[in-house]
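**Q** sequence first, predicted model second:
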Amino acid sequence: MEQQAKSNRETVVIMPTKSVGISLILTFLFGSLGMFYSTIIGAIIMLIAESVIGFFTLGVGLLITHPICMIWGAIAAHQYNQKLLQGL
């Protein structure tokens, strides 16, 4: 009887959501390093891209890549939250 009671238990995993606002603030202040809050792979990709583009354009290209980091980080945080709500 006790064995059956144990098998009916459900496990609930509680994971915190990621704030889109915090993601935007971190990427605004730290660029691709701030993306580590919302997406690790995206942060690595943009860190490499910003390094290469920044080197070849003497930093002027960062005016383009910096907003891209902010948008990508915000989208990644939003998608993470959507997956949590769907239970994936």
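**A** Right, received. Where do you want to start?

**Q** just say helix, strand or coil for P16.
**A** coil (DSSP: H, G, I helix; E, B strand; the rest coil).

**Q** quick check: it vs Y80, distance?
**A** P16 is 10 Å from Y80, where distance means C-beta to C-beta, to the nearest Å. C-betas here are computed from N, CA, C, even on glycine.

**Q** again, but for K18
**A** Counting by C-beta to C-beta, the gap from K18 to Y80 is 5 Å.

**Q** for the two, list the residues in contact with both.
**A** Taking C-beta atoms under 8 Å, 6 or more residues apart in numbering as the contact rule, K18 and Y80 both touch S38.

**Q** burial of Y80, as a residue count?
**A** Look at Y80: counted by other C-beta atoms under 10 Å, it has 17 neighbours.

**Q** can you pull the contacts of it?
**A** Listed by C-beta under 8 Å, 6+ apart, the contact set of Y80 reads 17-18, 38-39.

**Q** measure it to G59 for me?
**A** For Y80 relative to G59 (C-beta to C-beta), the value is 31 Å.

**Q** looking at it, T39 is touching A74, isn't it?
**A** No. Using C-beta atoms under 8 Å, T39 makes no contact with A74, being 10.3 Å away.

**Q** nearest the geometric middle of this protein, what residue?
**A** The C-alpha lying nearest the average C-alpha coordinate of the chain belongs to S38 (C-alpha atoms, centre = their mean; 1.4 Å).

**Q** residues touching that one, list them.
**A** S38 is in contact with 18, 23, 73-74, 76-77, 80, counting by C-beta under 8 Å, 6+ apart.

**Q** if you rank the contacts of Y80 by neighbours, which is first?
**A** Among those, S38 has the most neighbours (other C-beta under 10 Å), with 26 neighbours.

**Q** for that residue, give me phi and psi.
**A** Main-chain torsions, S38, degrees, to the nearest 10: phi -110, psi -30.
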